[in-house]
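Colleague: need a structure here:
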Amino acid sequence: MNKITVIGRMSTDVEVKDFNGRNVANFNVASQNKNRIKGNDGRDAYGTNFYRVSAWGQAADVASKYLKKGHRVGISGDLVIRDYVGSDNVKHTSVEINNAEIDLIETKAESEAKMMASAGATSVNTAVPAPAPAPAYGFTPVETDSLPF
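Modeller: Residues are numbered from 1 along each chain as shown. Sure thing, here's the model as predicted:
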């Protein structure tokens, strides 16, 4: 059994497909690793890991409704490493998280508002309110009447 937990940002929007009568949501997550590398400018930088995520059933439905590119998420699921030959006839390796449980940590708007506040900005654009925290598969949200399950 291979289990993995990752916290990172969604690098793609959610794509939902029907797979033998069951919904599957696919998206990518990027997370920073602790291995220091030298950046193009010669300074220390951190590397980035990319994961393909698959969520099934109710988790897929919730992901498609609440998650967007740029959101910070916590992902937990089965680690799957696949080797394949691409259309360019080159062998590639894909790191995937299957049967994912998803927790929305922070939307992109919330993150930007925090960055502005910490930078000493005196006003925050409130014309578009930040969306309410989205429920994630695996915990009981405060308001259960509006959820699809």
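Colleague: just the helices in this protein please.
Modeller: Taking DSSP state H, the helices of the chain run over residues 58-66, 108-118.
Colleague: So which bits of the shortest one are buried?
Modeller: Within helix 58-66, the residues that count as buried by 16 or more other CB atoms under 10 Å are 59-64, 66. C-betas here are computed from N, CA, C, even on glycine.
Colleague: looking only at pLDDT, what's the mean for that helix?
Modeller: The predicted model assigns helix 58-66 a mean pLDDT of 91.
Colleague: next one: it to chain centre, how far?
Modeller: Distance of helix 58-66 from the chain centroid (CA atoms, centre = their mean, to the nearest Å) equals 12 Å.
Colleague: could the helices of the chain go into JSON lines alongside distance to residue 87?
Modeller: As requested, the helices of the chain are exported to JSON lines (distance: least, CB to CB, whole Å):
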{"stretch": "helix 58-66", "distance to residue 87": "27"}
{"stretch": "helix 108-118", "distance to residue 87": "32"}
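Colleague: so which of those helices comes closest to residue 8?
Modeller: helix 108-118 (12.4 Å; CB to CB).
Colleague: Now that closest one: buried residues?
Modeller: Buried-residue list, helix 108-118, by 16+ other CB under 10 Å: 108-111, 113.
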